[in-house]
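S.K.: here you go, sequence then predicted model.
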Amino acid sequence: MQKVIFEVKVPVMIKKKAKAYVSSCAVLDVHSQGETESEARKNIAEAVRLFLITCLERGTLDNVLRECGFKAQKKIARLPKDHRFITVPIPFDVTGGRSAACHA
């Protein structure tokens, strides 16, 4: 068995609230928080990873991305300066010897 890792780069915002840092990935409507900015960044990355893996496992990723407004694009859109990006690794196990058509 081989392991393949896809990386997804998504914009996030982290804002200091009264007693916590709130982290948001608005393009996927995924939110989290943490006691520190670092913890909030780690927690939003994990929330996005679990969200995408769950969508993949359920076979709903295409529909979910369409509902979130995703479209194929040649250029990367500019985001407001207050956005930062996180890279979210999504691991896959690849079973050798299996002939399956790739629909990419």
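M.R.: Sure thing, it's come through.
S.K.: other SSEs contacting the helix or strand where residue 51 lies?
M.R.: Counting by DSSP states H and E, the element that carries residue 51 is helix 37-58. In terms of contacts (3 or more C-beta pairs under 8 Å, 6 or more residues apart in numbering; DSSP states H and E), helix 37-58 is packed against strand 2-16, strand 21-25, strand 30-34, helix 61-67, strand 84-94. C-beta coordinates here come from the backbone N, C-alpha and C atoms, glycine included.
S.K.: got any ranges where the protein has weak pLDDT?
M.R.: 1, 73-83, 93-104 (pLDDT under 70).
S.K.: if you set the cut-off to 80 instead, what comes out?
M.R.: Confidence mapping of the chain against pLDDT under 80 gives the ranges 1-5, 71-104.
S.K.: tell me how far the residue nearest to residue 21 when sequence neighbours are not counted lies from residue 15.
M.R.: Once flanking residues are discounted, residue 21 sits nearest to residue 40: 3.8 Å by C-beta to C-beta, 6 or more residues apart in numbering. Distance of residue 40 to residue 15, computed by C-beta to C-beta, to the nearest Å: 9 Å.
S.K.: do the same with residue 70
M.R.: With distances taken as C-beta to C-beta, residue 70 is found 24 Å from residue 15.
S.K.: ok, now residue 7?
M.R.: Distance from residue 7 to residue 15, by C-beta to C-beta: 25 Å.
S.K.: just to revisit the earlier point, mind listing what the residue nearest to residue 21 touches?
M.R.: If you count contacts by C-beta atoms under 8 Å, 6 or more residues apart in numbering, residue 40 has them with 14, 20, 21, 22, 23, 32, 33, 34.
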